[in-house]
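# Next come a sequence and a model predicted from it.
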Amino acid sequence: MTPRMKKKKGLGSFFKATVGEAARTALQQNQAIALELQSYLEAGTLDAEEDPLEWWRESQKLYSWLSNLVRKYLCIPATSSSSQVKILSPACTHHC
């Protein structure tokens, strides 16, 4: 009996496998995000008195992908209205 010889793989086959695995991982990640979003959209809404930041803090493990977006966008401070008042003020006849 002769031992089987392993076929040598070229450098190109290494990259093909890596690209294929990366694409598969990205697809799985996209599917997980889509399922999470669907679950969130099917969940009930908050009452007006409930704190959305507190709700997200409690739900961040359930909605891990979405909670990353929430941390980014719900932490944006409100803008002051003084700049809007200045532009819309009748005392300002020019485009201030």
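Right, received. Where do you want to start? Numbers count the residues shown, from 1 in each chain.
# So for residue 70, what's the nearest residue that isn't a sequence neighbour?
If the residues on either side of it in the chain are set aside, residue 70 comes closest to residue 56, at 4.9 Å by CB to CB, 6 or more residues apart in numbering. For glycine as for every other residue, the C-beta is placed from the backbone atoms N, C-alpha and C.
# Also residue 67?
residue 60 (3.9 Å).
# Please report the distance of the one you found from residue 71.
8 Å (CB to CB, to the nearest Å).
# now do residue 36
15 Å.
# between these two, which one's more packed in?
The residue with more neighbours, out of residue 36 and residue 71, is residue 36; 16 against 13, by other CB atoms under 10 Å.
# which SS state does the more buried one fall under?
Three-state call for residue 36 (DSSP: H, G, I helix; E, B strand; the rest coil): helix.
# Which helix or which strand is home to the closest residue to it other than its chain neighbours?
Distances taken as CB to CB, 6+ apart place residue 65 nearest to residue 36, at 5.3 Å, with adjacent residues excluded. For residue 65, the host element (DSSP states H and E) is helix 64-73.
# Give the buried residues for that helix.
The neighbour-count check on helix 64-73 (16 or more other CB atoms under 10 Å) flags 66-67, 70 as buried.
# what does the average pLDDT come to for it?
Mean pLDDT, helix 64-73: 87.
# just checking, what packs against that helix?
helix 11-42, helix 52-59 (3 or more CB pairs under 8 Å, 6 or more residues apart in numbering; DSSP states H and E).
# Least confident of these, on average?
Per-stretch mean pLDDT for the helices and strands packed on helix 64-73 is lowest at helix 11-42 (a mean of 78).
# how close does residue 30 get to residue 36?
Distance from residue 30 to residue 36, by CB to CB: 11 Å.
# With residue 72 instead?
16 Å.
# Residue 53 too?
In terms of CB to CB, residue 53 sits 19 Å off from residue 36.
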